[in-house]
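Colleague: coordinates for the following, if possible.
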Amino acid sequence: MHVVRKGARPPVEKAPPALKKECGRDAENFDRFFTRHPPVLTPPDQELIANLDQDEFQGFSFLNAEYTLTSH
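Modeller: Purely as a prediction, here's the structure:
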């Protein structure tokens, strides 16, 4: 009855403070089932790479100074 007469106010819940994220690459929205193991890269298909038309990359060059070649 008080609500109808606007005599009572509904309870107000304050939202928790937002946490500042360091990086947008975290996996917080993924189930632990998928994130509990370290990632394993799929080896590239060498036949597919050999058959790519390299003319599409004419004039393009890039050198990643942080890349280190590792053998598996």
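Colleague: every contact and neighbour count from this point should use C-alpha atoms.
Modeller: Fine.
Colleague: quick one: low-confidence parts of the protein?
Modeller: For the chain, the stretches flagged by pLDDT under 70 are 1-6, 10, 16-25, 72.
Colleague: can you give me the helices in it?
Modeller: Along the chain, counting by DSSP state H, helices occupy 32-35, 46-50.
Colleague: so can I have JSON lines of these showing distance to residue 60 and mean neighbour count?
Modeller: Listed next are the helices of the chain as JSON lines, based on distance: least, CA to CA, whole Å; neighbours: other CA atoms under 10 Å:
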{"stretch": "helix 32-35", "distance to residue 60": "35", "mean neighbour count": "10"}
{"stretch": "helix 46-50", "distance to residue 60": "17", "mean neighbour count": "9"}
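Colleague: between these, which one is closest to residue 62.
Modeller: helix 46-50 (17.6 Å; CA to CA).
Colleague: tell me who's in contact with residue 55.
Modeller: With contact set as CA atoms under 8 Å, 6 or more residues apart in numbering, residue 55 has no partners.
Colleague: residue 49 versus that one, what's the distance?
Modeller: Plainly put, residue 55 is 13 Å away from residue 49 if you go by CA to CA, to the nearest Å.
Colleague: closest one to residue 71 among the helices of the chain?
Modeller: Closest approach to residue 71 among the helices of the chain is made by helix 46-50 (15.1 Å; CA to CA).
Colleague: any idea how far the closest one is from the chain center?
Modeller: 28 Å (CA atoms, centre = their mean, to the nearest Å).
Colleague: can you count the residues close to residue 71?
Modeller: Neighbour count of residue 71, defined by other CA atoms under 10 Å: 4.
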